[in-house]
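Peer 1: Generate coordinates for the sequence data below:
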Amino acid sequence: MMMYVSYPTLKSHEKLQQTAKIDLRTSVLTPGKALQKAGFSDSVKSVRLGMVLNRPVYRIITLQNRHLSLFADTPSILTYGQESLARQLAQNWTKAKVRHIEKLTRIDQWMAAHRYQGYLPEVYRMKMADQGGTYVYVSPFSNEVVQSVTARQRFLAWLGPIPHWIYPTFLIRDRPVWSQLVIWVSLVGCIMCLAGIGMGLLRFERKKSDALAFSPYKKRWFRWHHYTGFVFGFFAFTWVLSGLFSMSPWNWAPSSRLSAQETGRWTGGPLNPNLFTVSPAAAFEQLSKEVTIKEIQLIQLQGQPYYLAFQDDHHSRLLSGNQAGAEPFERFDSSLIEQSLRTLQPQTPVVETKVLETYDEYYYSKNGEKRLPVLRMKLDTPEQIWYYVDLKTSQVVYKHQNLTRLERWLYHGLHSLDFSFLLYRRPLWDGVLIVLLLGGMAASSTGLVLTWNWLKRKFSKLKKPLLNTPINSDNKSVTNPN
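Peer 2: Numbers count the residues shown, from 1 in each chain. Here you go, the predicted structure:
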């Protein structure tokens with residue numbers, strides 16, 4: 001199931017597809033002036049330009065993780081938590097009426113990815129009166145749809161991702177507890193698999209050299225557990241082991257993201273709206289000539305401001321934020337990105353710099369969702385650091401080093417078999433994985449039957465002494481002297 005059904009989250013390309021195009025012609029004030037007139041003085045982490053119904057807004061996240069919306073046409077902060085606005089946004093999203101609305105103050109089952117998606121746990125959850133049984137979640141801070149999940153997606157999640165990840169609501173609300181549970185369950189699973197593999201090898205016995213039978217067990221379930229475990233036990237072990245490595249237990253592998261210090265050097269400091277001297281209206285006029293704009297992000301590279309306009313995940317345009325009359329462009333020049341990367345490790349020799357137009361073993365996607373091209377720079381450090389930079393957004397998407405590359409193989413390689421010689425030769429990858437999964441299920445199922453039979457025998461032995469104990473007239477058991 002997990003091969004084809006993922007945990008239901010509203011991914012950026014899905015959100016952009018369903019978002020209406022924006023119109024910023026009335027946003028004549030520069031971002032810095034708009035924030036100043038609204039009385040906003042906090043340091044910002046990110047700024048996005050979009051629409052709330054028919055009006056342009058800035059969606060802002062501060063360095064203190066404060067989330068809010070600010071009108072971009074007549075600078076004023078939107079009132080927080082308007083239920084009527086949330087209803088209207090949900091109805092525009094699904095083209096259906098709201099059946100029930102409630103305000104959540106902590107995550108529910110379908111908000112597990114809220115940190116990754118960049119919204120706070122406090123949301124309006126609406127059950128829609130549509131055929132799909134859709135739940136729509138609207139943030140009262142950013143005034144936008146942040147999650148949408150249908151009845152079919154919820155049903156399939158309970159068949160796949162939720163039991164696979166041990167993901168019930170009460171656990172995902174307490175991440176440290178959930179993390180430790182998965183780690184220790186995986187450790188126990190590894191020990192059980194190794195014990196089974198060891199016993200299977202010890203009991204290997206071929207009576208005839210030309211016969212395929214090698215199990216000494218006469219009973220059917222024992223024999224079939226021996227056969228399936230012997231053939232598929234190793235793959236079951238690697239799946240459990242790679243599941244353990246997915247949790248990065250005991251922090252053995254470093255993060256594949258830039259550190260806060262590196263991020264500061266890369267961007268040239270916190271995002272500064274005052275650097276944007278070109279108004280959103282002027283930027284919109286230029287950018288809308290080349291793409292249908294669904295959202296604009298304010299980004300910064302080496303202290304230089306840029307507007308980044310998205311039509312969808314694969315169609316975007318950039319525009320200088322401080323040069324009037326500049327022309328839009330699709331991607332940054334690789335030499336500029338290379339110079340910017342050198343600021344992260346100025347004293348370190350460069351081993352290789354290459355623009356990738358196709359995926360490699362560490363930057364890849366089964367369904368082609370990740371953007372290309374990316375610039376890959378390899379540095380001659382003790383950790384052998386490799387940087388991957390998305391040329392369309394200037395985002396450093398990965399910072400790989402020896403341990404993170406090892407983790408890639410120990411986790412994704414063993415868990416998903418996403419080796420390039422298989423992954424891009426579908427349906428070969430599907431066939432191999434399905435056969436191995438069926439074999440692992442057979443080994444596990446026969447083991448469960450044996451465990452159940454053992455428990456029944458133990459339980460029946462405990463019952464026999466109780467059944468044979470005589471009872472006296474006072475309903476008290478007595479010992480039989482004979």
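
Peer 1: dump the residue contacts of Thr267.
Peer 2: 299-303 (Cβ atoms under 8 Å, 6 or more residues apart in numbering). (Each C-beta comes from the backbone N, C-alpha and C, glycine too.)

Peer 1: change it to 10 Å
Peer 2: 258, 299-304, 340, 394 (Cβ atoms under 10 Å, 6 or more residues apart in numbering).

Peer 1: Put together a markdown table for the residues you listed, with neighbour count, secondary structure and pLDDT on each row.
Peer 2: Converted to a markdown table, those look like this (neighbours: other Cβ atoms under 10 Å; DSSP: H, G, I helix; E, B strand; the rest coil; pLDDT from 0 to 100):
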| residue | neighbour count | secondary structure | pLDDT |
| --- | --- | --- | --- |
| Leu258 | 18 | coil | 94 |
| Ile299 | 19 | strand | 97 |
| Gln300 | 20 | strand | 97 |
| Leu301 | 18 | strand | 97 |
| Gln302 | 15 | coil | 95 |
| Gly303 | 10 | coil | 95 |
| Gln304 | 17 | strand | 97 |
| Ser340 | 22 | helix | 95 |
| Ser394 | 22 | coil | 96 |
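
Peer 1: Can you tell me which of those residues is nearest Leu24?
Peer 2: Ile299 (16.5 Å; Cβ to Cβ).

Peer 1: Please save the CA atoms from stretch 401-409 in CSV.
Peer 2: Provided in CSV are the C-alpha atoms of stretch 401-409 (Å, rounded to 0.1, in the frame of the first residue of the first chain):
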residue,chain,number,x,y,z
GLN,A,401,28.3,14.4,3.6
ASN,A,402,29.7,11.0,4.3
LEU,A,403,27.2,10.0,7.0
THR,A,404,24.1,11.4,5.2
ARG,A,405,25.1,9.6,2.1
LEU,A,406,25.5,6.4,4.1
GLU,A,407,22.1,7.1,5.7
ARG,A,408,20.6,7.5,2.2
TRP,A,409,21.6,3.9,1.4
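
Peer 1: ok, which stretches of the stretch 301-450 of the chain are helices?
Peer 2: Using DSSP state H, counting those that start in this stretch, the helices of the stretch 301-450 of the chain run over residues 334-342, 402-408, 414-416, 420-423, 428-468.

Peer 1: Quick check: can you list the domain ranges of the protein?
Peer 2: Domain segmentation of the chain under automatic domain parsing yields 1-161+268-330, 170-251, 332-424.

Peer 1: Can you tell me which of the ones you listed is most buried?
Peer 2: Greatest average neighbour count among the domains of the chain goes to domain 1-161+268-330 (a mean of 18), per mean count of other Cβ atoms under 10 Å.

Peer 1: what's the offset of it from the middle of its chain?
Peer 2: Put simply, domain 1-161+268-330 sits 18 Å off its chain's centre (Cα atoms, centre = their mean, to the nearest Å).

Peer 1: cool, and stretch 344-358?
Peer 2: On Cα atoms, centre = their mean, the centre of stretch 344-358 falls 27 Å from the chain's centre.

Peer 1: Verify the stated contact: Val351 with Thr381.
Peer 2: Yes - Val351 is within contact range of Thr381, at 9.5 Å (criterion: Cβ atoms under 10 Å).

Peer 1: ok, back up a step: mind putting the domains of the chain into JSON lines with distance to Gly447?
Peer 2: Shown next, in JSON lines, are the domains of the chain (distance: least, Cβ to Cβ, whole Å):
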{"stretch": "domain 1-161+268-330", "distance to Gly447": "21"}
{"stretch": "domain 170-251", "distance to Gly447": "6"}
{"stretch": "domain 332-424", "distance to Gly447": "21"}
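
Peer 1: Which of those domains sits closest to Leu462?
Peer 2: domain 170-251 (22.3 Å).

Peer 1: what about that closest one, start to end distance?
Peer 2: 24 Å (Cα to Cα, to the nearest Å).

Peer 1: mean confidence for it?
Peer 2: Mean pLDDT, computed over domain 170-251, is 89.

Peer 1: where along this structure do the strands fall?
Peer 2: 44-52, 55-62, 67-71, 98-104, 123-128, 135-139, 144-149, 295-301, 304-312, 315-320, 350-356, 374-379, 386-390, 396-400 (DSSP state E).

Peer 1: Determine which of those approaches Pro427 most closely.
Peer 2: Judging the strands of the chain by Cβ to Cβ, what sits closest to Pro427 is strand 350-356, at 26.2 Å.

Peer 1: Quick one: list the elements packing against the closest one.
Peer 2: Secondary-structure packing of strand 350-356 (3 or more Cβ pairs under 10 Å, 6 or more residues apart in numbering; DSSP states H and E): helix 334-342, strand 374-379, strand 386-390.

Peer 1: show me what contacts Arg173?
Peer 2: Applying Cβ under 10 Å, 6+ apart, the residues contacting Arg173 are 106-109, 111-112, 121.
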